[in-house]
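Chemist: Pasting the sequence and the predicted coordinates here, then a few questions.
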Amino acid sequence: MRLIFGYVRRHWGLAAIAVAFLTIETLSDLLQPTLMSMIVDDGVARRDVNAVLNWGVVMLAVAFAGAIGAVVRNIYASRASQLIGKDIRSDAYGKVMSLTFEEVDRLQPGAIITRITNDVTQIQNFTQGLMRVMLKSPITCIGAIALIIMQIPEQAPVVAAILAIAGVLIWMNMTRSFPRFLTVQKALDKLGTISREFLRSVRVVKAFGAQRQEAERFDAAAGDFATANIRATRVNATYGPLINLTVNMGIVALLWLSRAQNPGRIGALMASMNYMTQVLFALGRVAMILNSSVRASASSRRIGEIFEQPSEERVIDSGTVVDSDTVSDGSGVVPAGSGETAPPDNRNQPNPPDAKHLALRFTSVSYRYASAADDAVHDVDLSVLRGVTLGIIGPTGSGKSTLVSLIPRFYEPSRGHIELDGADIAAIDVETLRERIALVPQEPVLFSGTIRSNLLWGNPEASEAQLREAVRLACASEFIDELPNGLDSVIGQGGVNLSGGQKQRISLARALTRRPEVLILDDCTSALDSTTEQRVLDHLRELAAHEQGLTTMLISQRISTVRRCSSIAVMDGGTVVATGSHDALMECSPQYRSIYDSQIGETCSDEQHSDTQHSGEQHSDELQTGEEARQ
Ligand SMILES: Nc1ncnc2c1ncn2[C@@H]1O[C@H](COP(=O)(O)OP(=O)(O)OP(=O)(O)O)[C@@H](O)[C@H]1O
């Protein structure tokens, strides 16, 4: 709730106006029965027309003031609650953007969407209700009770008894509803996740004819949601009428007592009954708003969880990403993949002379996903020279994507550290670091808009010539030029109107518009035919030669993709088991030879082999193990 009131404070001006006019409205409602009793007792009972007219005019004026109060209160309460909702949504969205990947994985994207949409709506409804009726109810209750007692003091004990019973019922309603509404929100999260997964993978679902399974999965989640809602509303459905019954019985008791106590004062009796009805409505509203406050409190706790997560910037500040045990050995000798010892801790030092051409250095790097029992990568020691294209190959699940996702600090190593240009990346501001890196993921991500807007997304400052050059290097110009609107052709949401290979090439071109120091290609040419893929790789080599310093990490499952790379790292079981040129690896790496043997018939011809033998030898010295790099 503190979160909600923090946001209410931001718009306190609007909220204060709403509450001020709410007070006018409430006072008007409270005065009406008393004025009515005056008309009946002073005017009608005594046949005094002037008294009837005078009190009638006062009653009209008070009703008019109440109507104005209600209109203004409505306008300002709606405005304030909308702005509060907007602020919470924007802040939560901004916070989500700064969360680490680990936190996004943990909170789950589907649940995050529900929190930003549905949970905020709950808070919005609550704050609006708060300004509309919450404050009105206590004022009405206290005022109406005071006026009943003033009119007929003998009724005080009955009124006190009714209120005590109603209060207990309201409290029981609240404590029983709260956990049930938490369950409702969780069921809604699940429903959101399933719908999102279905909509993202609708083609696959249809291709596999799996609509029935998906429909059943959705049906089960929708059933859970309905059950949770039924359980939660059952509590209100029970306690709401009980509260009404209590107040109605109170009215009957008042009438019964008035019969004996005040038989002559019809107006006062009518006013008391009217006040009791007001109390009944006020209590009903209190029950409703408390019910809404229970939902809002559950929602505020869920949104608060997003705000409580450490953002990436705080991770930088804390500097907790390096385990000092792994950097204190000082032996300086780390054979690739052994992970037994580690080099001296020279992070954040100016580039040491022997590392001046090193673009990237992994030192005893391990990483374990928060939800996993084992390390996804472990004890990786690897140094990559500037300007090199490093191929990374290995069986599926061997840790290739995880390893490269540590470079832009999507995840922080559990042990060890990574240096970019001699500086520990943990000490580099995340935004600055990512400006130096471009990543093309396995699944191309395109946004609705035009091809141009997608390219500029990589670098808003890119000139027309740079865009053209990027699409040429990515071999995308050949199909873009054939489109009637060229770069200004419209892309549907997620690139639905493009083929897989076209999407991959635009995604690659977008990364190239950025002119990065480090280019990470995560199996992003898998949808290209081998001729186009080789041309793309030739262009990247051309770029690396032309732009001194472009270091490329090229992940692929295919020997034909990596074999012409300057150097190749072979990953297996989460670590780098061998490094070297294609020919060197064919000689000394059983894992590499095994991959080669399994693919040779499909993608590699002997002719290609001899073509590339030279280039492999020429560049084999560009990749070093940790040991070589430090010597
Ligand atoms: N977000 C995640 N949470 C938990 N475990 C994960 C996550 N992502 C990957 N893993 C696990 O980490 C290990 C390495 O996965 P990774 O994606 O890095 O392998 P890969 O070599 O890139 O595989 P592929 O070639 O199939 O893409 C796998 O065992 C995988 O199940």
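Modeler: Cool, the structure landed. Numbers count the residues shown, from 1 in each chain.
Chemist: burial of whatever residue of the stretch 451-600 of the chain ends up closest to the ligand, as a residue count?
Modeler: Nearest residue of the stretch 451-600 of the chain to the ligand: residue 557, at 5.8 Å (C-beta to the nearest ligand atom). Any C-beta I mention is one placed from the backbone N, CA and C, and that applies to glycine too. Neighbourhood size, residue 557 [other C-beta atoms under 10 Å]: 16.
Chemist: Provide a list of residues in contact with it.
Modeler: Residues near residue 557 by C-beta atoms under 8 Å, 6 or more residues apart in numbering: 393, 396, 523, 526.
Chemist: Can you tell me which of these end up in strands?
Modeler: Using DSSP state E, the members of those that fall in strands are residue 393.
Chemist: Closest one of the contacts of residue 557 to residue 28?
Modeler: Proximity of those to residue 28 was ranked by C-beta to C-beta; the top entry is residue 523 with 70.5 Å.
Chemist: which residues touch that closest one?
Modeler: 400-401, 442, 555-557.
Chemist: Quick check on it: phi, psi?
Modeler: The phi/psi pair for residue 523 (degrees, to the nearest 10) reads phi 50, psi 40.
Chemist: all strands for this protein, in order.
Modeler: Using DSSP E, strands in the chain cover 358-367, 377-385, 389-393, 415-420, 423-424, 437-440, 449-450, 490-491, 518-522, 551-555, 567-572, 575-580, 623-624.
Chemist: Take these and write them to a markdown table, including mean pLDDT.
Modeler: Shown next, in a markdown table, are the strands of the chain (pLDDT from 0 to 100):
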| stretch | mean pLDDT |
| --- | --- |
| strand 358-367 | 88 |
| strand 377-385 | 89 |
| strand 389-393 | 90 |
| strand 415-420 | 90 |
| strand 423-424 | 88 |
| strand 437-440 | 87 |
| strand 449-450 | 84 |
| strand 490-491 | 82 |
| strand 518-522 | 89 |
| strand 551-555 | 89 |
| strand 567-572 | 90 |
| strand 575-580 | 89 |
| strand 623-624 | 38 |
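Chemist: Between these, which one is closest to residue 18.
Modeler: Per C-beta to C-beta, nearest to residue 18 of the strands of the chain: strand 449-450, 40.4 Å.
Chemist: Neighbouring strands - and their directions - for that closest one?
Modeler: According to DSSP bridges, strand 449-450 forms sheet pairs with strand 490-491 (antiparallel).
Chemist: Buried subset of the contacts of residue 523, written for PyMOL?
Modeler: Buried members of the contacts of residue 523 can be picked out in PyMOL with the line below, counting by 16 or more other C-beta atoms under 10 Å:
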select buried, resi 400+401+555+556+557
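Chemist: Where does pLDDT dip in the stretch 251-400 of the chain?
Modeler: 258-265, 287, 311-356 (pLDDT under 70).
Chemist: What parts of it come near the ligand?
Modeler: 369, 371-372, 376, 394, 396-400 (C-beta under 6 Å from any ligand atom).
Chemist: Would you mind giving those residues as JSON lines with distance to residue 251 added?
Modeler: Shown next, in JSON lines, are these (distance: C-beta to C-beta, whole Å):
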{"residue": "369", "distance to residue 251": "63"}
{"residue": "371", "distance to residue 251": "59"}
{"residue": "372", "distance to residue 251": "64"}
{"residue": "376", "distance to residue 251": "69"}
{"residue": "394", "distance to residue 251": "79"}
{"residue": "396", "distance to residue 251": "74"}
{"residue": "397", "distance to residue 251": "72"}
{"residue": "398", "distance to residue 251": "76"}
{"residue": "399", "distance to residue 251": "73"}
{"residue": "400", "distance to residue 251": "75"}
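Chemist: Need the buried ones from those residues selected in PyMOL.
Modeler: Entered in PyMOL, the line below selects the buried ones among those, by 16+ other C-beta under 10 Å:
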select buried, resi 369+376+394+398+399+400
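Chemist: Perfect, that will be all.
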